[in-house]
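Student: Below is the sequence, then the predicted model.
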Amino acid sequence: MSSAGFAPVNAVIAARRRLRQRYGLVVMGLIILGLALMALTMSVGDYPLPVADVLRSLLSPFTRNSDSANDFIVLGVRLPRVLAGLLAGGAFGLSGVIFQTVLRNPLASPDIVGITLGASAAAVAAIILFKWSGVPVALCACGGAVVIALLIYGLSWRNGVTPYRLVLVGIGMSAIAGAVISYLFTRARIMEVQEALAWLTGSLNGSTFDSIAPLAVALVVLAPLAAWLSRSLQTLQLGDDAATALGTRVEYSRLGLIIVAVLLAAFATAAVGPVSFVAFVAGPIARRLLGPSGNALVPAFLVGGIVTIGGDFIAQHMLGRNQLPVGVVTGALGAVFLIYLLAAAHRSGRGG
């Protein structure tokens, strides 16, 4: 075969090499940004610490060089908060990109299709009806997300599940869950409403190693499972017919991916509350960084963690002495990003 015959093959090889290089650069850049943001978050506060002292405290369990005051601030207060933001934001990001890919809709996420609102309704019921707090509320939130996901999937089934029908049913279930929350508020005392609203906003306040341990264990199990299912995730983007032609068992793959995404959102919500729009923005941002192709799971995890930690830093330090829950900042930023996506879709002719 002449050298001209190898030209298309060489072009494909070169293109794939460029995509791999871009993927590696994106992931490395996000890791560096995330580590820098974590160091900044643990350094700045009412008791500021140099980065060197933060590193010394982080290494103090393995060395004899320690300072009790600094170690308490870094290891007892700031590190659990940062890890909660990283793990919960990463779980939301993974869940969001799976939903958006499976449903082939960049506007679909656990926030939109009712998963986090189902968790919120269950948590509010636990707070108001049963006067629970802490771990029982987190367990109820996790159970509520799973129950509403099963309802959405069951009501969407009609000789299979189509993404369009699932999104519509999810939006309807989200409205029902919101109505349940509003009804519970009407029969609650003001202190109970305040507690429920604080949880509904989503916050990293009071995060401890014990509170994030279930989420960490869930990620150890679910993240590799999501990576294993990622081949099906890529073929499902092509549509059901094309995925079937490529040998993918569409319904089983879609169900497995949705279960993983629901559990990720459920454990993240149970750990820090329904931090709004993190799941929504992580996937689109990761895809814009990667370009036209590439597996967005790892970048979406990193973007979700960065958005959550960055939003919490803004909420704590950039608004004067008025400290806000992280959900207020992510909600505001996510709303702006949603308007941007809708405007971009309208300009490209894909809007309504």
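Tutor: Here it is on my side, so go on. Residues are numbered from 1 along each chain as shown.
Student: only C-alpha atoms for contact and neighbour calcs from this point on.
Tutor: Noted.
Student: For stretch 133-150, list every residue counted as buried.
Tutor: Taking 16 or more other C-alpha atoms under 10 Å as the neighbour-count basis, stretch 133-150 is seen to contain the buried residues 136-149.
Student: which one is Val51 nearest to, not counting chain neighbours?
Tutor: Ser43 (5.9 Å; C-alpha to C-alpha, 6 or more residues apart in numbering).
Student: Relative to Pro299, how far out is the one you found?
Tutor: Between Ser43 and Pro299 the distance, using C-alpha to C-alpha, to the nearest Å, works out to 25 Å.
Student: So for these two, which sits in the more crowded spot?
Tutor: For Ser43 against Pro299, the residue with the higher neighbour count under other C-alpha atoms under 10 Å is Pro299, and the figures read 30 against 21.
Student: pretty sure the more buried one contacts Val27?
Tutor: Yes: Pro299 sits in contact with Val27 when judged by C-alpha atoms under 8 Å, with a separation of 5.9 Å.
Student: contacting residues around Ala15?
Tutor: If a contact means C-alpha atoms under 8 Å, 6 or more residues apart in numbering, then Ala15 has no contacts.
Student: and what of Ala296?
Tutor: Here Ala296 is in contact with 97, 283, 286-287, 290 (C-alpha under 8 Å, 6+ apart).
Student: Recalculate using a threshold of 7 Å.
Tutor: 286-287 (C-alpha atoms under 7 Å, 6 or more residues apart in numbering).
Student: Distance of it relative to Gly143?
Tutor: Counting by C-alpha to C-alpha, the gap between Ala296 and Gly143 amounts to 28 Å.
Student: In strands, which of the buried residues of stretch 133-150 appear?
Tutor: Restricting the buried residues of stretch 133-150 to those inside strands, with DSSP state E as the criterion, leaves an empty set.
Student: Could I get the residues you listed in JSON lines, plus columns for distance to Phe313 and pLDDT?
Tutor: Rendered in JSON lines, the data for the buried residues of stretch 133-150 read as follows (distance: C-alpha to C-alpha, whole Å; pLDDT from 0 to 100):
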{"residue": "Pro136", "distance to Phe313": "28", "pLDDT": "89"}
{"residue": "Val137", "distance to Phe313": "26", "pLDDT": "87"}
{"residue": "Ala138", "distance to Phe313": "24", "pLDDT": "85"}
{"residue": "Leu139", "distance to Phe313": "27", "pLDDT": "88"}
{"residue": "Cys140", "distance to Phe313": "28", "pLDDT": "92"}
{"residue": "Ala141", "distance to Phe313": "25", "pLDDT": "90"}
{"residue": "Cys142", "distance to Phe313": "26", "pLDDT": "91"}
{"residue": "Gly143", "distance to Phe313": "30", "pLDDT": "92"}
{"residue": "Gly144", "distance to Phe313": "29", "pLDDT": "93"}
{"residue": "Ala145", "distance to Phe313": "28", "pLDDT": "93"}
{"residue": "Val146", "distance to Phe313": "31", "pLDDT": "91"}
{"residue": "Val147", "distance to Phe313": "33", "pLDDT": "94"}
{"residue": "Ile148", "distance to Phe313": "32", "pLDDT": "94"}
{"residue": "Ala149", "distance to Phe313": "32", "pLDDT": "92"}
